[in-house]
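Asker: Just to be clear, the model below is a prediction. Sequence and coordinates:
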Amino acid sequence: MSKTPKALKLFSPGRIAITIVIGLSVASYLLIKDFDREAFANLQWSWQSSLWLFVAVLMMATRDLAYMYRIRVLTDYQINWRNSFDTIMLWEFASAISPSIVGGSGVAIYIVNKEGVKIGRSTAVVMTSALLDELFYIITVPVVVLIVGYTSIFDIDLPTEALQGALGKYGLQGVFVAGYLFIVLLTSAITFAIFFKPRTFKWILLQVFRLPFLRKWRHDAGATGDDIMITSKELKGKPFVFWFRAFGATFLSWTARFWVVNFLIMAFVSLNVHEHLMVYARQLVMWVIMLISPTPGSSGVAELAFSSFLAAFIPLGFTGALVALWRLVSYYPYLFIGAVILPKWIRRTHISKDE
């Protein structure tokens, strides 16, 4: 291959190194800061602890299998199970080394396309995946808040000035509510555009981006409008069972993702039903904070948020250890697996087709 495609330049060693350094630095700081020699000496590790740790890892596997099934559904089973594994791992790899506010959607379209899916359908697959993810969040938040209570979710001390400064004068609740409403409005607008008025939506976008201070992004706005129209055409006439399977896989994947933390905590201490739901609810708030993180894969921000939001459910002296364990189980494997399969994937999807 004579020239490296632009999309693959994201997977540079430098980006991976920066991601690892930021994450490990913050995790190490929290581990040293919170370390309690006596607490670790008195730790009684039992077979139940090992069981819950295994279940936490199992939740990560469940998350990935659900994503693999969803991408098979969204591509009308054009991608087989083996190749869907490569697709999801590289998609997660791209997300892990991209700023959370940017995400890996552009690279994801490229990855799906190189698996033999036409560019139009690839665009539709990635955009639909994003919509289903946001829909899960929009539905889950009010349900969980109604169960555990709104004010109790935010009964959190933010010990780090970095987090306090990042949240600004509006505080945690203000940032969460603003983030949630933004997700609702954006998802509603895109859903309306895809299923009802794709051409009108593109026209409105182009008119808005005629404004002088937005004009330099007009080309990107036009490309977004084209993506909406393509997605609308691809999704038109899809049966109910298609949406049931796709959203069912989305629900299973995200639920398993959040339950990883619950089971990791249970390896150290038992939780009652209300505490389980509270841990779940606070992760929903964490997700908004991580979503606006400027760092690759929310490195640094994720670790700080975890130590602030969930410290009340973790035995004294073990917060830093659980932060490191959480990222070790749910984040770093994607960096390792992605780096391993990327060269093989390039040979399979690029070089072999060029020869």
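Answerer: Nice, I can see it.

Asker: use CA for all of it now, contacts and neighbours both
Answerer: Fine.

Asker: how about Trp259, what does it touch?
Answerer: 56, 59, 280 (Cα atoms under 8 Å, 6 or more residues apart in numbering).

Asker: can you check Ile190 too?
Answerer: Ile228.

Asker: Reformat the contacts of Trp259 as CSV; add pLDDT, secondary structure and neighbour count.
Answerer: Putting the contacts of Trp259 into CSV (pLDDT from 0 to 100; DSSP: H, G, I helix; E, B strand; the rest coil; neighbours: other Cα atoms under 10 Å) gives the following:
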residue, pLDDT, secondary structure, neighbour count
Ala56, 95, helix, 27
Met59, 96, helix, 25
Tyr280, 94, helix, 23
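
Asker: Put together JSON lines for the residues you listed, with distance to Phe154 on each row.
Answerer: Formatted as JSON lines, the contacts of Trp259 follow (distance: Cα to Cα, whole Å):
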{"residue": "Ala56", "distance to Phe154": "25"}
{"residue": "Met59", "distance to Phe154": "26"}
{"residue": "Tyr280", "distance to Phe154": "13"}
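
Asker: Okay, buried residues for stretch 137-144 please.
Answerer: The neighbour-count check on stretch 137-144 (16 or more other Cα atoms under 10 Å) flags 137-138, 144 as buried.

Asker: Dump these to JSON lines, plus pLDDT.
Answerer: Rendered in JSON lines, the data for the buried residues of stretch 137-144 read as follows (pLDDT from 0 to 100):
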{"residue": "Tyr137", "pLDDT": "95"}
{"residue": "Ile138", "pLDDT": "95"}
{"residue": "Val144", "pLDDT": "91"}
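
Asker: Just those: which are in strands?
Answerer: Among the buried residues of stretch 137-144, no member falls in strands (DSSP state E).

Asker: which one among those gets closest to Ala189?
Answerer: Ile138 (13.7 Å; Cα to Cα).

Asker: Just give the closest residue to that closest one, not the sequence neighbours.
Answerer: Val184 (6.5 Å; Cα to Cα, 6 or more residues apart in numbering).

Asker: swap in Gln283?
Answerer: Nearest to Gln283 is Phe258, by Cα to Cα, 6+ apart, at 6.9 Å.

Asker: tell me which element that neighbour falls in.
Answerer: helix 240-266 (DSSP states H and E).

Asker: Pick out the residue nearest the middle of the protein.
Answerer: With distances taken as Cα atoms, centre = their mean, the chain has Ser95 as the residue nearest its mean C-alpha position (7.4 Å).

Asker: Double-check that that residue belongs to a helix.
Answerer: Yes - under DSSP: H, G, I helix; E, B strand; the rest coil, Ser95 falls within a helix.

Asker: for the stretch 51-200 of the chain, what spans make up the helices?
Answerer: Secondary structure of the stretch 51-200 of the chain (DSSP state H, counting those that start in this stretch): helices at 81-96, 105-114, 119-148, 150-153, 161-167, 171-195, 198-208.

Asker: Only the buried residues of the fourth one, if you could.
Answerer: In terms of neighbour count (16+ other Cα under 10 Å), helix 150-153 has its buried residues at Ile153.

Asker: Likewise for the last one?
Answerer: For helix 198-208, burial by neighbour count (16+ other Cα under 10 Å) applies to 198-199, 201-202, 205-206.

Asker: Could you provide these in JSON lines, with additional columns for distance to Ser25?
Answerer: As requested, these are exported to JSON lines (distance: Cα to Cα, whole Å):
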{"residue": "Pro198", "distance to Ser25": "45"}
{"residue": "Arg199", "distance to Ser25": "48"}
{"residue": "Phe201", "distance to Ser25": "44"}
{"residue": "Lys202", "distance to Ser25": "44"}
{"residue": "Leu205", "distance to Ser25": "42"}
{"residue": "Leu206", "distance to Ser25": "43"}
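
Asker: Any regions of the stretch 101-250 of the chain where pLDDT drops low?
Answerer: Scanning the stretch 101-250 of the chain for pLDDT under 70 picks out the ranges 101-104, 157-170.

Asker: Recalculate using a threshold of 80.
Answerer: Where the stretch 101-250 of the chain drops to pLDDT under 80, the residues are 101-106, 155-172, 211, 213-214, 217, 221.

Asker: Hmm, Arg282 and the residue nearest to Gln283 touching each other?
Answerer: No - counting by Cα atoms under 8 Å, Phe258 does not reach Arg282; the two are 10.0 Å apart.

Asker: before we move on, back to that, what does the pLDDT read for the residue nearest to the centre of the chain?
Answerer: pLDDT for Ser95: 84.

Asker: measure Trp52 to Ala321 for me?
Answerer: Distance, Trp52 to Ala321, by Cα to Cα, to the nearest Å: 16 Å.

Asker: related to what we said a few turns ago, out of the contacts of Trp259, which one sits closest to Ala249?
Answerer: Once Cα to Cα is applied, the member of those that ends up nearest Ala249 is Met59, at 13.4 Å.

Asker: can you pull the contacts of that closest one?
Answerer: With Cα under 8 Å, 6+ apart, Met59 has these contacts: 256-257, 259-260.

Asker: do the same with Phe195
Answerer: Here Phe195 is in contact with 232, 236 (Cα under 8 Å, 6+ apart).

Asker: From Trp47, how far out is it?
Answerer: 51 Å.

Asker: do the same with Ile139
Answerer: The value you get for Ile139 to Trp47, if Cα to Cα is used, is 36 Å.

Asker: and if you look at Ala311?
Answerer: 24 Å.

Asker: What of Leu284?
Answerer: Using Cα to Cα, we find Leu284 at a distance of 30 Å from Trp47.
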